[in-house]
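Enquirer: Sequence and predicted structure below; questions after.
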Amino acid sequence: MNTANDNSPRDVDVIVVGAGFAGMYMLHRLRGLGLRTRVLEAGSSVGGTWYWNRYPGARVDTETMFYSYQFSDELQQDWDWTERYPSQPEIHAYARHVADRFDLWPDIQFDTSVMRSLWDEESRRWTVETAAGEQLTAPYCIMATGCLSAPNTPDFKGLDSFDGPIFHTAHWPEKGVDFAGQRVAVIGTGSSGVQSIPMIAQQADQLTVFQRTANYVIPARNRPMAADEVSEIKANYPELRARAAASFSGNYFPGGGASAMAVSEEERNREYESRWQYGGLAFMAAYADFMTSEAANETASEFIRNKIRGIVDDPETAELLAPKQLFMCKRLCVGTDYYETYNRENVSLVDVSETPIEEITPDGVRVGDTVYAADSLVLATGFDAMTGALKRIDIRGVDDVALRDLWEDGPRAYLGLAISKFPNMFIITGPGSPSVLTNMIPSIEQHVNWITDCLAHMRDEGLSRVEPEADAQEDWVAHVNDVADLSMRATCSSWYLGSNVEGKPRVFMPYIGGFPTYVKKCDAVAEAGYTGFSFA
Ligand code: NA7
């Protein structure tokens, strides 16, 4: 029962942490079960990732007719996306529209950071404490905290001494930033750097980019959606969504071949060229053996390197921009005029792969003996991915065990959905689920649907406590690791492995067995009465 006094714990049926696309849909489904739910959100609006990542050029890099909710046909029929890859403001407008349409606002508490979440075995309740000292309790706690939501700020020596403003792409000022007339330094060339660099270059007087690892960047080929294309997709949504769900990454890509090595060089290059022209992440689906055959991988890598050499005028810069690591080992980037931007006179590239950034000085960035002068500093340095948001909250389960301690050597979760010793807690798209290797919104929906069914099962059976069995969890974690070992994806440094964050254990975190296999496993677990979970 809710108490009237704001200082005392407020009791609800479910606390959801996060009002991004996961938290919003979770709230909607919990309402459907008749459960009183409170969603706690650190930001001032809905959207999660799409609320915070407001940097210039921020846009989705998955075709958005498919990077969108499908749980409501009315919603997907009514909403009109204007571009193939809409910008952050449009995606945020979509999130707000969903909150309006399903009347989500009253149950979401904004500007509320969760600091602690503590399980009490006797009352079988979670107590969640916010930064403002407010306490809420509920039998269930669902972490919808996102995979890429805890910004990573490297511990650069002298960072605090910088005289000008410092911006992180994942925490961009709401009112925007005007770089006109400035010397700007951007550190980082992952997706956020790739999208923001061309935009900042158009504004700034001088832009210096610090690159530790060159990435493969496929042109987005963004364009307005044509009316007939939209109606064609809308008319066939169920079939197209089903086709996406049946694909390895849950994405709607044109079909590809089994092996790059099974075809002639000529045919292969024709395929690569057509996907380069088509644009975006579909390049990954050209052949199925990029992550199992080095020879296959090299053909795609060299095709893209040659494209870079063809676009970038200065051969030295082109070689620095040409990636050395395996194609697709790090998250593939999608950009607009990314390589072309290095032909501008006001843009220069500094390679920090061998000589790292030594320090940030009051007036710039020092690499070796050179200080590169800057008036503003942009950190496009990514996230403490997949575990960061959860470990930043002090989550304590049975016998006061801390999640941070339990995950010291890497995350352990059953199906990436729940954690042994943390009863009645679920995580949406947690480590050990396909999550970031798939189209995120369908993956979110699959998890939310599964959790809703599990809660309905408990209600129907009169159960009040659920926890994964330790053995089932260990078996799943071992399987996740075994499958990762079969792929070359786990062989190079990337945020999938935690290698972008100093001191983070090197464990391949997402499940790489494919979306359909994973969904089948989750369904089988549920159908067999939730094998691997114990109930009371
Ligand atoms: P990413 O992809 O993790 O990119 C971060 C970039 O910052 C990357 O180029 C890093 O180089 C670089 N970085 C990180 N720390 C340092 C230090 N200490 N010195 C120099 N450079 C550094 O994050 P994004 O925000 O771009 O994208 C995240 C995801 O969002 C993306 O994959 C999409 O799924 C959407 P590194 O590669 O580690 O050598």
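Expert: Structure received.

Enquirer: for the stretch 151-300 of the chain, what spans make up the helices?
Expert: 191-203, 227-235, 237-245, 265-278, 294-311 (DSSP state H, counting those that start in this stretch).

Enquirer: How far away from the center of its chain is the lengthiest helix in the chain?
Expert: Longest helix in the chain, counting residues (DSSP state H): helix 440-461. Distance, stretch centre to chain centre, for helix 440-461: 20 Å (CA atoms, centre = their mean, to the nearest Å).

Enquirer: For the residue in the stretch 101-250 of the chain positioned nearest to the ligand, grab phi and psi.
Expert: In the stretch 101-250 of the chain, the residue that lies nearest the ligand is residue 190 (2.2 Å; CB to the nearest ligand atom). (Each C-beta comes from the backbone N, C-alpha and C, glycine too.) When read as degrees, to the nearest 10, the backbone of residue 190 gives phi -80, psi -160.

Enquirer: what's the spacing between it and residue 475?
Expert: Going from residue 190 to residue 475 by CB to CB, to the nearest Å gives 33 Å.

Enquirer: Can you pull the residues of the protein lying near the ligand?
Expert: Counting by CB under 6 Å from any ligand atom, the positions of the chain adjacent to the ligand are 148, 154, 169, 187-193, 210, 212-213, 331, 352, 357, 380-383, 495, 500.

Enquirer: Confidence-wise, which helix or strand of the chain is lowest on average?
Expert: Here the helix or strand of the chain ranked lowest by mean pLDDT, DSSP states H and E is strand 10-11, holding a mean of 92.

Enquirer: Can you list the neighbours in contact with the following helix or strand past that strand?
Expert: For strand 10-11, the following helix or strand on the C-terminal side (DSSP states H and E) is strand 14-17. With CB atoms under 8 Å, 6 or more residues apart in numbering as the test, strand 14-17 has contacts from 23, 26-27, 30, 35-40, 114, 117, 126, 128, 136-145, 393.

Enquirer: cool, and stretch 213-227?
Expert: Counting by CB under 8 Å, 6+ apart, 59, 61, 65, 80-85, 189-190, 194, 275-281, 283, 301, 304, 320-325, 327-328, 330, 332-336, 338-339, 353, 493 sit against stretch 213-227.

Enquirer: Can you turn the buried part of the contacts of strand 14-17 into a PyMOL selection?
Expert: Applying 16 or more other CB atoms under 10 Å to those leaves a buried subset, and the PyMOL line that selects it is:
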select buried, resi 23+26+27+30+35+37+38+39+40+114+117+126+128+136+137+138+139+140+141+142+143+144+145+393
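
Enquirer: Just the ones of the contacts of strand 14-17 in helices?
Expert: Checking these against DSSP H, those in helices are 23, 26-27, 30.

Enquirer: nearest to the ligand, of these?
Expert: For the ones in helices among the contacts of strand 14-17, the nearest to the ligand is residue 23 (18.5 Å; CB to the nearest ligand atom).

Enquirer: residue contacts, the closest one?
Expert: By CB under 8 Å, 6+ apart, the contact list for residue 23 reads 16-17, 39, 41, 48, 108, 142, 144, 428.

Enquirer: and residue 349, helix, strand or coil?
Expert: Under the three-state scheme (DSSP: H, G, I helix; E, B strand; the rest coil), residue 349 adopts strand.

Enquirer: residues near it, how many?
Expert: Using other CB atoms under 10 Å, residue 349 is surrounded by 21 other residues.

Enquirer: try residue 517
Expert: 14.

Enquirer: Could you shift the numbering so residue one becomes 6, and keep it that way?
Expert: In the new count, where the first residue is 6, that last one comes out as residue 522.

Enquirer: what about the closest residue to the ligand within the stretch 256-405 of the chain, neighbour count?
Expert: Relative to the ligand, the nearest point of the stretch 256-405 of the chain is residue 387 (2.6 Å; CB to the nearest ligand atom). Residues contacting residue 387 under the criterion other CB under 10 Å number 25.

Enquirer: In space, what's closest to the residue nearest in space to the middle of the chain - neighbours in sequence excluded?
Expert: What sits nearest the mean C-alpha location of the chain, by CA atoms, centre = their mean, is residue 153, with 4.2 Å. Sequence neighbours aside, residue 388 is the residue nearest to residue 153 in space, at 4.5 Å (criterion: CB to CB, 6 or more residues apart in numbering).

Enquirer: That neighbour bridge partners, please.
Expert: Counting by DSSP bridges, residue 388 forms beta bridges with residue 156.

Enquirer: gap between it and residue 176?
Expert: 11 Å.

Enquirer: More neighbours: which of the two?
Expert: residue 388 (23 against 13).

Enquirer: Contact partners for that one?
Expert: Residue 388 neighbours (CB under 8 Å, 6+ apart): 152-157, 175, 500.

Enquirer: Highest neighbour count among the residues you listed?
Expert: If you rank the contacts of residue 388 by neighbour count (other CB under 10 Å), residue 152 sits at the top with 27 neighbours.

Enquirer: Just list the residues touching that residue, thanks.
Expert: Counting by CB under 8 Å, 6+ apart, residue 152 has contacts 388, 390-391, 394, 434, 440-441, 445.

Enquirer: List phi and psi for it.
Expert: According to degrees, to the nearest 10, residue 152 has phi -90, psi -30.

Enquirer: Over to residue 268?
Expert: Dihedral angles (degrees, to the nearest 10) for residue 268: phi -120, psi 170.

Enquirer: Model confidence for it, exactly?
Expert: Listed pLDDT for residue 268 reads 98.

Enquirer: isn't it right up against residue 261?
Expert: No - using CB atoms under 8 Å, residue 268 is not in contact with residue 261, being 10.9 Å away.

Enquirer: any residues in contact with both of the two?
Expert: What both residue 268 and residue 261 touch, as defined by CB under 8 Å, 6+ apart, is the set residue 276.

Enquirer: one step back: compare residue 195 and residue 480 and say which is more crowded by neighbours.
Expert: Neighbours per residue, other CB under 10 Å: of residue 195 and residue 480, the larger number sits with residue 195, 21 against 13.

Enquirer: which residues touch the closest residue in space to that one that isn't next to it in sequence?
Expert: In space, and not counting its chain neighbours, residue 195 is closest to residue 387: 5.4 Å by CB to CB, 6+ apart. By CB under 8 Å, 6+ apart, the residues touching residue 387 are 153, 156-157, 175, 193, 195, 197, 500, 505.

Enquirer: same check, this time on residue 96
Expert: With CB under 8 Å, 6+ apart, residue 96 has these contacts: 52, 55, 64-65, 69.

Enquirer: Tell me the one of these nearest the ligand?
Expert: Looking across the contacts of residue 96 and measuring by CB to the nearest ligand atom, the closest to the ligand is residue 65, at 9.0 Å.

Enquirer: Sounds good, over and out.
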